[in-house]
Structures are given as C-alpha cells and as structure tokens.
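Novice: starting from these lines, generate the structure:
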Amino acid sequence: MRNLIWLLAGLFLLGAARAEATPETLLSPSGHLSFTIDTDGDGRPLWSLAREGGAVVNPSRLGFILGDAPKLERNFEIVEAVRSSADSRWEQPWGERRFVTDRHNELLVMLREKTPLKRLLRLRVRLFDDGLGFRIEFPEQPNLKTARIVEELTEFDLAQPGTAWWIPGGQWNRYEYLYNRTPIAEVGQAHTPITFRDNAGLHLAIHEAALLDYAGMWLQRVEGQRFRSQLSPSGTGPAVVRDLPFATPWRVMLVAPDAAKLYAASDLILNLNEPSKLPDIGRWFTPHKYVGVWWEMHLDKSSWATGPKLGATTENTRRYIDFAAANGFRSVLVEGWNPGWDGDWFGTGDAFIFTRPTPWFDLEGLSAYARRKGVRIMGHHETAGNIKVYEAQLAPALDLYARLGVDSVKTGYVADAGGIQAADGSFQWHDGQVMSRHHLKVVEEAATRRIAVNPHEPIKDTGLRRTWPNWVSREGARGMEYNAWGDPKNPPDHEINLIFTRMLSGPMDYTPGILSLKGKGGTPIPSTMARQLALYVLIYSPIQMAADLPENYARHPGPFRFIRDVPADWDETRMLAGEVGEYALIARKDRNSQDWYVGGGTDEQPHELELPLGFLKDGRRYEAQIYADGPAADFRTEGRSDIAISKRVVTSADRIAVRMGAGGGVAIRFRAL
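Specialist: A predicted model of the protein is given here:
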C-alpha cells in the first residue's frame, strides 16, 4: 500500500512538473532558427525566436480578448506537444517559378486553461530555414461555441534595433502610401508586409498567410520595438466572429541574412496556404499582357462618365483591339463601359449596373470582333466600395462575361478606408472580415465560370493564389496612376521599396510601360525609359499591362520591342543583388522558352555593378538584347528618355557592366541561340 501511495505521489509530481512547464522548442530543418513556446508565472503563453543562438524575437505574448467571455490570455498550461516534418515540392500553374519547395518542421502545442472553463487553444508552428508561420486553432469544445474576438494579442517583440520600411495602417487611403523609412522604434501603426533590417544586417518581414474569414492584421507598435496585432475593425461589433472549430490566419515572419534572400523567402507564404482547388486552371487561364482604355482617362484625355469625352466607345475600343492584335497582346481592358459612372460615384456605387453596357459600347459586337482578332475583352467591375449592389448582381454579371468569352475581370473598390457598404447596411474596412469573405465569394463565383480576377483597392495578398489560382493579381499599393495625376508622384525609391515590402506578399498589377514618361498636362514622370522596361521584370504579375497610349508606343518602336517580347510567366526567378529602397537586380527565366530576362532599377542615385551571367545555361550561347540608360539618362532632366539599345553574344562565363542612371534601370533579354 505504501509503495502504491509513493507511486501515485510520484506520478502526481511528475504531471505537476510537466504542467508547470518545460518550454517546447522547435528547430528549423537546418538548425539555423529556433522557436520556443513557454508560459510565464501567470500562465501567459509566450513565444520567441532565435537565429544561430542570437535572439530575433524576445518572449512575446499570445492571446485574445473576447466580447462576451473572459479573455483568453493567462492561466494556460502546455498539456501536449506533437512534432512532425515535411519535405516536398509542388508545381505552380503560373508564378515567379514553376516549382516551390516546402521543407519545414512543425510543432503542435495544446494549451489548456487552468480554470473551471478549461478552454483550449492549439498553437501550430511551421519553422522553415528562412522564417516561420504560426497560427492559433480553436478546437471544438464545450465552454466556447462562438469566438467573438475584439482584439488579438499576438506580439512581436523584436530583439535588435534597426530600420523599418512601412506604410500606415488604418488610414483613409487603404494601402496606397509611399513608404516610410524610420528606426524600428519610430514605427506607428503599420500595414503588413512590413520590412526590417537590424543593425547587424539581418532582414526580417512580418506578414500573414491564408487570410480566410478573418480580419486583416495591422501592426501597432506598443513600446520600444514591441509590436502587437491590431485587427481591422468591424462596423457591427467584434472584429471577428467565428463558430468553432476554426483557425486564425498564419502569422508570418521571414528571416534572411540580406535583402536578396528576403525576397526569395516569400515562397514561405505560399507554402502556408492550401493546395489548389482548380486543377484544370491551366486549360483556361493564360498569363499574358494586356492594353486598355485606362491611361488616357488618368491623363484627362477621356472620361469614365458619358459625354463627349467618354473613353469606352465602340470606335475607341476597336482601335485598342486592333493595336493588341497587331502587337501580340491578349486582352483589352475597357473601363467606363457600363452605366453608373455619371455624377458622384466615388464611394457611392449605388448606380452601377454590371449586366448591360451603355448605348455607346457594343459589348456583344466588340467581344466577337476581339475573338476574330485573337484577342479577348478584359472585364471591369468598379463597385465604389458598394458590395451590397455588386453582390446582388454578381452571378448574372459573371454569366454575361462567361457567355461572351470574357475570361478575366478587373474589379475595383474605390472608397475611403472604412467606407465599404455591406449588405446589412453597415460600413466596413477594405481588409476586415466582411471583405475577406466578399473577395473569396467573388473569386469562387468567377472560378465556376472560368474567369480570372484582378481586384484593385483590394484586401492584401496572403498567398491564397495557391488555393485559388484564378486570383491572379491585385493592386494593394500605390500604382502607376499616381504618376499621371500630379504631385506627389512616385519617387524612384518607391518601386524599389515595393520589391522588398509589398511584393513579398504576391503579384501586383502595377501597370508599367509608360514610354512617353509624361503624366497629365505633360508633367514628367520620375523614371527613365529603360526603367519602364525593367518594371516588367522587377514587379511580378501574371497579367502585365502595356499601359501607355498606342500612339506613344508607335513613337518608340525600339523600347516597345522589349514590352512586346517580355513574358508574364516564369520558370525560375533569382534576385541577383539588391538593397531595400536602393536598388534591385532580378533575373527570370521564361516558362515557355530557354530565354532569360533581367530587370534592374535604382533609387535617386546612379548605380553601377557587374552582372555575372552564371544563371544562364552552361555551354549555351545567348544574344543579349540590352536596353540600358544612356549617358544622359536621369529622371530629373530631359535626359530621362535617353536609352541605349545594343546586342552582343554571351555565355554563362561572361559578365556585363551595368550602369543605371539616377532613377533609372536596365532591361535585358537573353535570347537562346
């Protein structure tokens, strides 16, 4: 009997010791990164991250404040930990590269409250060699049926001081801001992705993956270098309302020794999303370039509204269709084709009709005319943020497009942040839970009709293009149209900042190719001509617009040749060199040939470097078609149009001297011989 008592006491003490808590640690496949989950003296879950023994993230809180129940924040114990690993490769139907490697170690930790409620949370962590993702899973349980989340308490307490590149979150202009460059300790409330470089040179980025039926995450700096998640608000109560079971989006941190490797690390976001639900998409979506009735409106040469300046006329659209057919562009975008653009439509949207054109636009005839020319009409649905009106017409509007062979649509949500009009009469944010649901509804409805979707003024990209690959691109940042409108235009460092911030999340429809280098009223665009070409390689999208007017391309046939040649789909991508906000040099291999393309761009300072060609196939000769800044090229002067076009035969053993002028760039096609 005495032995049994001692045995039971021993088992009790062992269980108590386990509950009190040994921290659980997970190593990345190579052992470079180490993740730890622990609880403090009050039972608060704390996570931390180290790289090669040095702290990257200090112990940081996890938890939730609920609107109708005690908060999920303390009195937790770790009651179970399960480890697993994965090492696989999967193929993208389109993308920056054909194949993506998914190699990670996983830790699943069960957390249980030490209270009578005994509520449960599961922390799932996936640790890669170049970063991590973690999410909280709410399993089915008796004492929590519906989670009404007012605040998510996830924190990132960055261990080292350094520099941050960020745009403000929770402000009126959605994601369309120029990037701030500040010390980490001076960041305010920021959108993600947000990028950091610590004083030792380590590069970090914080974002999220698989944002599904949940509010988007902003980051609020609490104090010092400690950040807390701030969920995009709801107009009707808690930021998130979900019945159990469910999981939050993945909270993502990319970790890399330099800027070039940070760019490559973004595959991690795709790996945290579910595999494709559209296995046949390769039979109905083709990555391509397009032109359209768009830039002329931003130049004030034509208008969206009906009247003498209407751009969306049958005659004008035929002109663009003919231009597209003659130059190998697959689609023609036409904005202003439908009723609703007259008057004050911004942020209102109650007059938009998506199921018929205006009398000046022969949608049926133009669709047939385009098909005869080997071209498609690209649809356009501007909602002005009124999703109540749009969702009521969504199915018949997409049915119309499907019947006419319109297989891609650009959607728009032009309204101030917080100005989305929902079906219940409430006003919502562009990245709140309501819009998370809305965008997926549009993508799913479009997929059933074999239509690709490209939203502007969207919710942020979180890698869902893997699961729904008809979600082909989006805006979600300050685009080329700002260079048309006037001051402030996009300065040269803006596009370089995008590469290492916004572009970590996924494709962007930036609408490059303005060879006139002029905005409204003839005001100069802060770019060189070679840089406009380089943007087709630097800023990835599987649909790329040749945005300038056809007559401007006719004036510059030499540079226009590169725009005609450059593909929109890639077999492989390599960031050759770069620094955040300063310069970038990217090589991409065409998915449908043996050709390679290089794009380079710089900030306000000229930049010279040697381009080694080791990415080319050994033993093969290539014709390098080089579009470089000329001697006078400078975004600040009339020399911005100076471009030097040359050719030479090269092999992988060669090097090319690259000089980019102030605000300039370089574009090179390596045509396999």
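Novice: would you map the strands across the stretch 501-650 of the chain?
Specialist: 543-545, 570-579, 583-590, 596-602, 607-612, 622-629, 643-650 (DSSP state E, counting those that start in this stretch).
Novice: what is the orientation angle of the third one with strand 596-602?
Specialist: Spelled out, it's strand 583-590. On the basis of axes from the mean of the first three to the mean of the last three Cα atoms, to 10 degrees, strand 583-590 is oriented at 160 degrees to strand 596-602.
Novice: partner strands of strand 583-590 and their direction?
Specialist: Its sheet considered, strand 583-590 pairs with strand 570-579 (antiparallel), strand 596-602 (antiparallel) by DSSP bridges.
Novice: going along the chain, name the helices of the stretch 1-150 of the chain.
Specialist: For the stretch 1-150 of the chain, applying DSSP state H, counting those that start in this stretch gives helices covering 2-21.
Novice: one more: the chain?
Specialist: With helices called from DSSP state H, the chain shows them at 2-21, 259-264, 267-271, 295-298, 314-327, 363-372, 387-404, 433-448, 482-485, 492-500, 529-538, 550-555, 557-565.
Novice: on that earlier part again, would you turn the strands of the stretch 501-650 of the chain into TSV with mean neighbour count, mean pLDDT and distance to residue 293?
Specialist: All C-beta spots, glycine's among them, are computed from the backbone N, C-alpha and C. Shown next, in TSV, are the strands of the stretch 501-650 of the chain (neighbours: other Cβ atoms under 10 Å; pLDDT from 0 to 100; distance: least, Cβ to Cβ, whole Å):
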stretch	mean neighbour count	mean pLDDT	distance to residue 293
strand 543-545	27	98	12
strand 570-579	19	98	28
strand 583-590	25	98	29
strand 596-602	28	98	27
strand 607-612	16	95	36
strand 622-629	22	98	27
strand 643-650	15	98	27
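Novice: got the ones you listed as JSON lines, with distance to residue 514 columns?
Specialist: Converted to JSON lines, the strands of the stretch 501-650 of the chain look like this (distance: least, Cβ to Cβ, whole Å):
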{"stretch": "strand 543-545", "distance to residue 514": "10"}
{"stretch": "strand 570-579", "distance to residue 514": "23"}
{"stretch": "strand 583-590", "distance to residue 514": "19"}
{"stretch": "strand 596-602", "distance to residue 514": "14"}
{"stretch": "strand 607-612", "distance to residue 514": "21"}
{"stretch": "strand 622-629", "distance to residue 514": "15"}
{"stretch": "strand 643-650", "distance to residue 514": "14"}
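Novice: wait, which of the ones you listed is closest to residue 137?
Specialist: Shortest distance between residue 137 and the strands of the stretch 501-650 of the chain, using Cβ to Cβ, is found for strand 570-579: 32.7 Å.
Novice: next, the angle helix 492-500 makes with that closest one.
Specialist: Orientation check (the same axes, to 10 degrees): strand 570-579 against helix 492-500 gives 130 degrees.
Novice: any idea how far strand 570-579 is from the chain center?
Specialist: 17 Å (Cα atoms, centre = their mean, to the nearest Å).
Novice: what comes into contact with that strand?
Specialist: Contacting residues not belonging to strand 570-579 are listed as 95-98, 259-261, 263-264, 496, 499-500, 540, 583-591, 598, 609, 611-612, 615 [Cβ atoms under 8 Å, 6 or more residues apart in numbering].
Novice: would you mind measuring from residue 536 to residue 169?
Specialist: Applying Cβ to Cβ, to the nearest Å, the value for residue 536 to residue 169 is 30 Å.
Novice: between the two, who's got more neighbours?
Specialist: residue 536 (26 against 23; other Cβ atoms under 10 Å).
Novice: test my guess that the more buried one contacts residue 601.
Specialist: No - taking contacts as Cβ atoms under 8 Å, residue 536 lies outside contact range of residue 601: 11.2 Å.
Novice: re the thing from before, same list, the helices of the chain, but as TSV with mean pLDDT and distance to residue 225 please.
Specialist: As requested, those are exported to TSV (pLDDT from 0 to 100; distance: least, Cβ to Cβ, whole Å):
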stretch	mean pLDDT	distance to residue 225
helix 2-21	41	27
helix 259-264	97	18
helix 267-271	98	22
helix 295-298	98	40
helix 314-327	98	50
helix 363-372	98	54
helix 387-404	98	38
helix 433-448	98	29
helix 482-485	97	31
helix 492-500	98	19
helix 529-538	98	30
helix 550-555	98	47
helix 557-565	98	43
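Novice: save these as a markdown table, and put in distance to residue 419 too.
Specialist: Compiled in a markdown table, the helices of the chain are given as follows (distance: least, Cβ to Cβ, whole Å):
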| stretch | distance to residue 419 |
| --- | --- |
| helix 2-21 | 47 |
| helix 259-264 | 33 |
| helix 267-271 | 28 |
| helix 295-298 | 22 |
| helix 314-327 | 31 |
| helix 363-372 | 29 |
| helix 387-404 | 11 |
| helix 433-448 | 11 |
| helix 482-485 | 20 |
| helix 492-500 | 25 |
| helix 529-538 | 30 |
| helix 550-555 | 35 |
| helix 557-565 | 36 |
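Novice: and among the ones you listed, the most buried is which?
Specialist: Comparing the helices of the chain by mean neighbour count (mean count of other Cβ atoms under 10 Å), helix 529-538 ranks first with a mean of 29.
Novice: got the CA positions of that one in CSV?
Specialist: The C-alpha trace of helix 529-538 is given here as CSV (Å, rounded to 0.1, in the frame of the first residue of the first chain):
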residue,chain,number,x,y,z
MET,A,529,12.8,54.9,-70.3
ALA,A,530,14.9,51.8,-69.5
ARG,A,531,13.4,51.7,-66.1
GLN,A,532,9.9,51.5,-67.5
LEU,A,533,11.0,48.4,-69.4
ALA,A,534,12.7,46.9,-66.3
LEU,A,535,9.5,47.1,-64.3
TYR,A,536,8.1,44.2,-66.3
VAL,A,537,10.8,42.0,-64.7
LEU,A,538,11.1,43.8,-61.3
